[in-house]
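Peer 1: pasting the structure only:
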């Protein structure tokens, strides 16, 4: 079976496999098309996020997290909403950022996991990859990912997927 992708995993006969979106050369984990429920796990100490499903682990991917004065909440949550090319609106000023997609402060994907008062917390992309690459604590509580990585995560979760955020 010629895939043109150079991966022996894709050449398995009789087994439908799907690589997660954004998979990189050398990735060894594949998911079956009808996989069971997933769980998102965020380690604040390591500043990385992954998905566990049916004993397989996707990721980990590096993240930037909340600054000390506005930390990322810890605890057990669930995916409340998902959005492609979300539009950023400041919860403090109501100002709507004109850009959507890769240039938006929210990047190309939004995965909301907590709404508290007027604040919304989510996992999202960013137009500033250096903060993610350095695994900084710079956000107002959200979890920033590289746009390619958040697309992969987005494709692995559904509304209702558990999100565990721990030290």
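Peer 2: Everything's here; your move. Quick caveat: nothing in here was measured; it's all calculated off a predicted structure.
Peer 1: and residue 92, how many residues sit next to it?
Peer 2: 8 (other C-beta atoms under 10 Å). Any C-beta I mention is one placed from the backbone N, CA and C, and that applies to glycine too.
Peer 1: that one falls within a helix, correct?
Peer 2: No: Residue 92 sits outside any helix when classified using DSSP: H, G, I helix; E, B strand; the rest coil, being coil.
Peer 1: would you mind giving me the confidence score for the closest residue to residue 133 other than its chain neighbours?
Peer 2: Once flanking residues are discounted, residue 133 sits nearest to residue 62: 6.7 Å by C-beta to C-beta, 6 or more residues apart in numbering. pLDDT, residue 62: 98.
Peer 1: likewise for the one 4 residues further on?
Peer 2: Per-residue confidence at residue 66 stands at 96 (pLDDT).
Peer 1: contacting residues for the residue nearest to residue 133?
Peer 2: Counting by C-beta atoms under 8 Å, 6 or more residues apart in numbering, residue 62 touches 47-48, 132-133, 135, 145-146, 149.
Peer 1: just the buried residues from the residues you listed, in ChimeraX please.
Peer 2: Typed into ChimeraX, the next command selects the buried ones out of these (criterion: 16 or more other C-beta atoms under 10 Å):
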select :47,48,132,145,146,149
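Peer 1: could the contacts of residue 62 go into CSV alongside pLDDT, distance to residue 99 and secondary structure?
Peer 2: Converted to CSV, the contacts of residue 62 look like this (pLDDT from 0 to 100; distance: C-beta to C-beta, whole Å; DSSP: H, G, I helix; E, B strand; the rest coil):
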residue, pLDDT, distance to residue 99, secondary structure
47, 98, 26, coil
48, 98, 27, strand
132, 98, 18, helix
133, 97, 21, helix
135, 97, 25, coil
145, 98, 18, coil
146, 98, 17, coil
149, 98, 20, helix
